[in-house]
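# please work out how this folds:
(one chain, ligands or ions: 2)
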Amino acid sequence: MPSHVREVSRIHRIASIPGDGIGVDITDAAVEILNVLAKTIGGFEFEFTTFDWSSKKFLERGWYMPPDGLEQLKKFDAIYFGAVGWPDVPDHISLWGLILPIRKSLNQYVNVRPTRILEGTKSPLADCQREDLDWVIIRENSEGEYSGQGGTSHESSPHTVATEVSIFTRVGIERIMRFAFETARSRPRKKLTMVTKSNAQRHGMVLWDTVFYEVAKEYGDVEIDKMLVDAMTVRMVLQPKSLDTIVATNLHADILSDLAAALSGSIGIAPSSNLDPTRANPSMFEPIHGSAPDIAGKGIANPVGAFWSAAEMVRWVGEEKAADGLMKAVENVTARGVKTKDLGGGEDTKGVTKAVCQEIETLFASTVTLSTPFPRPNEGYLIIEKPNRSVPHLTPRIWPVSHSSPPQLYSSSSSLSASAHPPLPKTRTNFSTPKQPSPQSTPC
Ligand SMILES: NC(=O)c1ccc[n+]([C@@H]2O[C@H](COP(=O)([O-])OP(=O)(O)OC[C@H]3O[C@@H](n4cnc5c(N)ncnc54)[C@H](O)[C@@H]3O)[C@@H](O)[C@H]2O)c1
Ligand SMILES: O=C(O)C[C@@H](O)C(=O)O
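Ligands and ions are numbered 1, 2, ... in the order given. Next up, the predicted model:
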């Protein structure tokens, strides 16, 4: 690097898709938080490009994503997603017009959905303490019940026939099982529960069971058990402490993670990471909730799930200390009782966002310089960085552990294919050199 060029900042290029309803409010809040985080800590920046691929735009022009939409997204380091869906558009059109093609085409075959009871919040279950509920649900995110295969014939007749075909492939099952086992192994309890419905569904679900037990042989240190999905709902409610890492199919895990969110206090806090563990494509981060038309426009959406998802994105792009700090700030705020109505508080979206921004400044401003790591508790964390040579693309690194220390985090893979999509960000230079070309903004 020439001497007149000074390295100032790592740049993380983020595609932001706010979508519909409260997706817009919580994405605004997340972008605000992320900018404050970067400014306060220093050393990195986010460069956001917003794509208005909303239902409103769909109604105006007939499409969610333009034909080259996926190609546009591939230029980014990560995607931040709000929510899609609006009563004026059938839900299968909005989902299949936007979020499902992104997950499938960008090979985001893992959806990680951690759940725990945050500081200052409680479960609706009477006897459930914070330490009793700490789960990570690993959702298969590319096939299964969401394969999109099937069709309808004899329409407009009393004999209409519709098929919805679930596709389960050995490759698809094996890779999600490995990710789930790696996740379980990286958590202190080393416990994995696999969920199917293989009593009634005798083909694909049985293949899930079979592959699960095959892969389990490579993970002798992980305690395993198997549940039928119906009984699993009972166990989640009555014996939350008996669970740790859970792996389930696309549909089952979607349903179970909404239940998990409710049991941990509110669907408004629950994050998700749609990961391409190979890093050949950008991964996508979004709260698990939808566009919530019933509260959209009221300014009362809980932004915590959006912040937690943002923290996971920050971790994914390599800013671990910032991710830890963001979650610490969120929990300091909930611990003080600054919460939205769904968590029993009296604040609105903006109030919680402002409080988290201030907390970030309090936590970082006076203590952190580029060379000073954010102080992390020694207990309550598990940090693992050991590549699994037989599975080079799967290396979960930090996972939530006991409740003895403040920030409890799920985190995701790293040390992945360097050649495919290097995790190391670009750097910004201050002057005299041509600026890196920005990704083209969407024409819409
Ligand atoms: N990933 C996504 O984009 C996604 C996910 C789920 C649903 N959807 C879509 O969203 C639309 C609405 O779906 P739905 O009503 O079934 O689910 P939803 O998650 O939008 O809402 C369910 C309930 O939870 C409440 N809620 C959700 N998020 C909240 C938050 N952050 N703070 C406070 N309360 C919150 C809502 O007010 C509502 O009462 C549909 O079009 C659906 O297809 C999209
Ligand atoms: O089923 C889906 O994937 C839509 C929504 O529930 C989600 O989890 O994003």
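# switch to C-alpha atoms for all contacts and neighbour counts from now on
Will do.
# how about the residues of the chain near ligand 1?
83-86, 91, 267-268, 288-292, 294-295, 301-303, 342 (C-alpha under 6 Å from any ligand atom).
# out of these, which are buried?
83-86, 267-268, 288-292, 301-303, 342 (16 or more other C-alpha atoms under 10 Å).
# out of those, list just those in strands.
Counting by DSSP state E, the part of these found in strands is Ala83.
# among the buried ones among the residues of the chain next to ligand 1, which one sits closest to Thr245?
Ile288 (17.6 Å; C-alpha to C-alpha).
# my read: the closest one touches Ser266, true?
No - look at Ile288 against Ser266 with C-alpha atoms under 8 Å: they stay out of range, at 10.9 Å.
# so where is the stretch 301-444 of the chain shaky, pLDDT-wise?
366-444 (pLDDT under 70).
# how about a cut-off of 80?
365-444 (pLDDT under 80).
# how about the helices of the chain, start to end?
Using DSSP state H, the helices of the chain run over residues 22-41, 55-61, 69-73, 91-94, 100-105, 170-186, 204-216, 229-238, 250-263, 304-316, 320-335, 349-364.
# winner for burial among those helices?
helix 304-316 (a mean of 27; mean count of other C-alpha atoms under 10 Å).
# quick revisit: now the helices of the chain in a markdown table, with distance to Asp134?
As requested, the helices of the chain are exported to a markdown table (distance: least, C-alpha to C-alpha, whole Å):
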| stretch | distance to Asp134 |
| --- | --- |
| helix 22-41 | 24 |
| helix 55-61 | 35 |
| helix 69-73 | 33 |
| helix 91-94 | 31 |
| helix 100-105 | 26 |
| helix 170-186 | 12 |
| helix 204-216 | 22 |
| helix 229-238 | 11 |
| helix 250-263 | 10 |
| helix 304-316 | 15 |
| helix 320-335 | 15 |
| helix 349-364 | 23 |
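# can you show me the strands along the stretch 51-200 of the chain?
78-83, 110-116, 134-140, 144-153, 161-167, 191-196 (DSSP state E, counting those that start in this stretch).
# can you lay out those strands as a markdown table showing mean pLDDT?
Shown next, in a markdown table, are the strands of the stretch 51-200 of the chain (pLDDT from 0 to 100):
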| stretch | mean pLDDT |
| --- | --- |
| strand 78-83 | 98 |
| strand 110-116 | 98 |
| strand 134-140 | 98 |
| strand 144-153 | 97 |
| strand 161-167 | 97 |
| strand 191-196 | 98 |
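# show me the contacts for Glu119.
Applying C-alpha atoms under 8 Å, 6 or more residues apart in numbering, we find Glu119 in contact with 331-332, 334-335, 406.
# can you rerun that using 6 Å?
By C-alpha atoms under 6 Å, 6 or more residues apart in numbering, the contact list for Glu119 reads 331, 335.
# what's the answer for Thr50, then?
16-17.
# before we move on, what about the one 4 residues further on?
By C-alpha under 6 Å, 6+ apart, the contact set of Ser54 is 19-20.
# what about it, distance to Gly62?
Going from Ser54 to Gly62 by C-alpha to C-alpha, to the nearest Å gives 11 Å.
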